[in-house]
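**Q** Fold the following.
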Amino acid sequence: MKLKKKYDYIIIGSGFGGSMAAHTLVAKGYSVLMIERGKRPVRDDSCWDEVRLHLKNPMYRGDTPIYVDQKKGKIEEMWTDDTVGGMSTLYGAVSFRMREDDFKGAPVDGSSGRDSSCAWPYSYKQLEPYYKTAEKLLGIAAIKGTDITEPPIKGDFPQQPNTKLSRPSEKLWKASEELGLHPFFLPMAINFDGKHGKEKCILCSTCDHYLCKIEAKNDLAAVVLPALEDKGMHLLSETRALKINTVKNRAVSVELLHQPTGEKIIVKGENVISAGGALASPHLLLASGIDSITGNDNIGRHLMRHINGVVAGIFPSVANPEKILQKQIGIPDFYYGNPRGSSNPEGTWGMIQDVSSIGKGVIKANAPLGLKHAAAFVSDYLINLLCIAEDMPQYENRVYADSSKTDKYGSPTLMVHHRYCERDIMARDALYAEAKKILRKAGALFFYPMPIETFSHALGTCRMGKKPETSVVDANCRVFGMENLYVIDGSVMPSGGSVNPSLTIAALSLKATDSLS
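**A** As a prediction, the model looks like this:
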């Protein structure tokens, strides 16, 4: 590929923020260069192979670790999986709109109110048309009106979901109804009808945490990016953005490094969009000195990640002998707290979802010594419920660049500090208790709660707002104090709601770039 001397837009990152920004900008006729440090997905048997994906030398593992302080000063080394398409290639395809009230700010501790200091600079109503566009691009399958917390939706979803319940999902559905709850089919970016994507879904059990070999999961590398490249967008994979070069308060170029060869190049751009996600975007801004130029101390601050956990129920018989897709249903009754009003915390709790078990090998690898074989055996008898609760944005939770030590490419080390507050933990524990009731009613004998400690839902580190004193970007995602530098990804979300964030990131990206001329 022969690069241009200068591009109208350089987009760093090919996830939901970057891909949807490119979709709008390419349609407007702009020249776009997309930078992605991950590899292009390989669509072969490795897609369904947990060993190649997650265990021995994982084939998409990133080149540089993240150093995370989340347990009383103990620094843990964590790794991301990097692909063209960002996290969409390995995600579970659940694609929610945030609820109307979620845009009013995060929960307030000890109250049913919302914290207006982290309210969005626009409302759900203003974002609704862009949700609709994102759902069309991703071929979302859902049934309108069945989620009792669903916000107002104009029109219908592009397709209907698969409504034939797997054996585990059928047990959960029946148990939920017997408890007076309102299960519904999760909105999914999966080509169930064969008309919304490339290939029709075969309902296999390898979806969440796996790539889709046949491209029936409508990830960005399957349904969005190929069309953009066909229209002239240039995409450099396995290429890392080291620094955004500036002159005064303008971004003028990006210093790039091709990871396999070590070759460095500098590419000029009229505008630069950082879309690397809530960890990589603030790290790049800090490594580029944008905080010094703008005087903004909020870059990297207010890190959120949801407070997620899985409650596993152990059943007396094999849970899913047919080994078919079982990530099908949501249980929304506790989104706004306990409908009976008798339990803490006050205010919102979150969403409960059906979720598949991870593979035997991964369970065995992460089980305590002496229990590895037993844990792998029990995995066939598990039915799981995922609990997603909103965490409160805290100034102390942050991403920062440690210039005292560098990674293999010479960039300052990416460091993360994160702690949950008491209210966060109370919300998740409340959902755990309700999930156990559902699993018990479904026939589970024993329960095992497992906190999720990854940053797959990381949000908030370059938050949107109305003024630079409390935020990093404006309502159009332009960095305060910079003329032509934007951040468009999950990092700009000032609050996160209690649902999977991918569709909201896609919608806010479409809205932000629609304003660019």
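**Q** Show the model's pLDDT score for the residue nearest to residue 116 when sequence neighbours are not counted.
**A** With Cβ to Cβ, 6 or more residues apart in numbering as the criterion, residue 116 has its nearest non-adjacent residue at 5.3 Å, and that residue is residue 105. Heads up, the C-betas are built off the backbone N, CA and C, glycines and all. According to the prediction, residue 105 has pLDDT 97.
**Q** Residue 105: what's it in contact with?
**A** 114-120, 494-495 (Cβ atoms under 8 Å, 6 or more residues apart in numbering).
**Q** could you redo the last one with a cut-off of 6 Å?
**A** When contacts are counted by Cβ atoms under 6 Å, 6 or more residues apart in numbering, residue 105 touches 114-116, 118-119, 495.
**Q** Confirm residue 322 sits in a helix?
**A** No. With DSSP: H, G, I helix; E, B strand; the rest coil as the criterion, residue 322 is located in coil rather than a helix.
**Q** all strands for the stretch 401-517 of the chain, in order.
**A** Secondary structure of the stretch 401-517 of the chain (DSSP state E, counting those that start in this stretch): strands located at 412-417, 446-451, 485-487.
**Q** Quick one, which of those gets closest to residue 336.
**A** strand 446-451 (22.3 Å; Cβ to Cβ).
**Q** Sheet-wise, list the partners of the closest one with their directions.
**A** Take DSSP bridges as the rule and strand 446-451 pairs in its sheet with strand 307-314 (antiparallel).
**Q** List of residues touching the strand it pairs with?
**A** By Cβ under 6 Å, 6+ apart, strand 307-314 touches 381-389, 391, 420, 424, 428, 432, 435-436, 439, 444-452.
**Q** The strands of the stretch 401-517 of the chain: lowest mean pLDDT?
**A** Lowest mean pLDDT of the strands of the stretch 401-517 of the chain: strand 446-451, a mean of 93.
**Q** Keeping just the C-alphas, turn that one into CSV.
**A** The C-alpha trace of strand 446-451 is given here as CSV (Å, rounded to 0.1, in the frame of the first residue of the first chain):
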residue,chain,number,x,y,z
PHE,A,446,-24.1,-25.3,44.4
PHE,A,447,-23.0,-21.8,43.5
TYR,A,448,-19.7,-20.1,42.8
PRO,A,449,-19.4,-16.4,42.2
MET,A,450,-16.5,-15.2,40.1
PRO,A,451,-15.6,-11.5,39.8
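**Q** and that strand, which residues are buried?
**A** For strand 446-451, burial by neighbour count (16 or more other Cβ atoms under 10 Å) applies to residue 449.
**Q** For that strand, what is the distance to the chain centroid?
**A** Here strand 446-451 shows a centroid-to-chain-centroid distance of 23 Å under the convention Cα atoms, centre = their mean, to the nearest Å.
**Q** List of residues touching it?
**A** Taking Cβ under 6 Å, 6+ apart as the rule, strand 446-451 contacts 309-314, 432, 436.
**Q** Kindly indicate the member of the residues you listed with the most neighbours.
**A** Highest neighbour count within those: residue 313, with 26 neighbours (other Cβ atoms under 10 Å).
**Q** how about the nearest residue to that residue, chain neighbours excluded?
**A** residue 444 is the one closest to residue 313 (Cβ to Cβ, 6+ apart), at 3.0 Å.
**Q** just checking, residue 479 touches residue 491?
**A** No. Counting by Cβ atoms under 6 Å, residue 479 does not reach residue 491; the two are 11.2 Å apart.
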